[in-house]
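Engineer: Next comes the sequence, and after it the predicted model I'd like to discuss.
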Amino acid sequence: MLMSPDPSTDIKIFSRPLSQEGSSVLMGFPGSGLVGSIALQYLVDQLGFTQIGNMNSKYFPPLAMMNKGVINVPVRLYEKENIAVIVADIPVHPMICYEVANGIMDWLMPFRVREVVTIAGIITNEPEKRVFGVATTEEALPRIQDSTIILPIGSISGIASSILTECKIRGVPGYGLLGETINAPDPRASAASIAVINKMFDLNLDVQPLLEQAEEIESTMQKLSEQVQTAETMPKKEQLPMYG
């Protein structure tokens, strides 16, 4: 098992090496709408990726995920052919984004990766599920121009921005896919992001199950909204009539 190149680093990666140089690396960490985490976990599950390692750090919150009684490390590495995936169940605090981004890129550099693609969410006031795109260089933009809306100006934040900054500094082509979302789990935005990934990597991954999941979540949210509205229209205690 490989660990981080520098054993003294606070970001520990325990993984076997990538099987080949020149792989594309996809990354998704929790953020607005959980767009990246949902999209990439769905991708690795549906396409049968193999888990090759895990990442841990003293900076991560003391949280261990579990599935059917089995502990799951919150940040995991997967691989299939020439695509590697890093997917996380825990958010990365802004204070440690620099360290996490550097730890990941330090580990990836010996494998001479072809490109890095980060998937995140962007909150807008529009009901559409568009996907906005950014790249680390002007020369890299044509790869995503036909499948995303290129952001003309603005800023992005969080671990996705730190990863893209490190790519820019290190000369690794980097792309940010920002799915239009709300501040709640949003499989529909994740499905839109997967549609872009399908075009970039010719995957043909069916997103219909994600869209069905989105309908279930939206139905639940609608019921909760109605319950809240009902509670708000009920008379307050001091307004209730007195009896007896």
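Structural biologist: Okay, I see it.
Engineer: Residue 198 - how many residues pack around it?
Structural biologist: 16 (other CB atoms under 10 Å). C-beta here means a position set from N, CA and C on the backbone, and glycine is covered the same way.
Engineer: worst-scoring helix or strand of this structure, pLDDT-wise?
Structural biologist: helix 208-233 (a mean of 65; mean pLDDT, DSSP states H and E).
Engineer: May I have the secondary structure class of residue 92?
Structural biologist: Judged by DSSP: H, G, I helix; E, B strand; the rest coil, the three-state class of residue 92 is coil.
Engineer: Hmm, residue 159 and it touching each other?
Structural biologist: Yes: because the distance of 4.2 Å satisfies CB atoms under 8 Å, residue 92 is recorded as touching residue 159.
Engineer: so what's in contact with those two at the same time?
Structural biologist: Between them, residue 92 and residue 159 share these contacting residues under CB atoms under 8 Å, 6 or more residues apart in numbering: 29, 100.
Engineer: can you pull out the helices in the chain?
Structural biologist: 35-47, 97-108, 142-145, 159-170, 187-201, 208-233 (DSSP state H).
Engineer: Residue 150: neighbouring residues, count only.
Structural biologist: Around residue 150 there are 11 residues (other CB under 10 Å).
Engineer: Across the sheet, point out what pairs with it.
Structural biologist: Beta bridges link residue 150 to residue 133, judged by DSSP bridges.
Engineer: and it, what is it in contact with?
Structural biologist: Residue 150 touches 132-134, 141, 144, counting by CB under 8 Å, 6+ apart.
Engineer: Kindly indicate which of those residues lies nearest residue 113.
Structural biologist: residue 144 (17.1 Å; CB to CB).
Engineer: quick one, what contacts that closest one?
Structural biologist: 133, 135, 150, 175, 177, 196, 200.
Engineer: Repeat that for residue 158.
Structural biologist: 29, 31, 92, 94, 97, 120.
Engineer: run the last query once more with 10 Å
Structural biologist: 29-32, 91-94, 97, 118, 120-121 (CB atoms under 10 Å, 6 or more residues apart in numbering).
Engineer: Look up phi and psi at residue 68.
Structural biologist: Here is the backbone geometry of residue 68 (degrees, to the nearest 10): phi 60, psi 40.
Engineer: hang on, the earlier thing: just the buried subset of the contacts of residue 158, written out for PyMOL, thanks.
Structural biologist: Buried subset of these, written as a PyMOL selection, criterion 16 or more other CB atoms under 10 Å:
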select buried, resi 29+30+31+32+91+92+97+118+120+121
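Engineer: Point out where the protein drops to low pLDDT.
Structural biologist: Scanning the chain for pLDDT under 70 picks out 1-8, 217-244.
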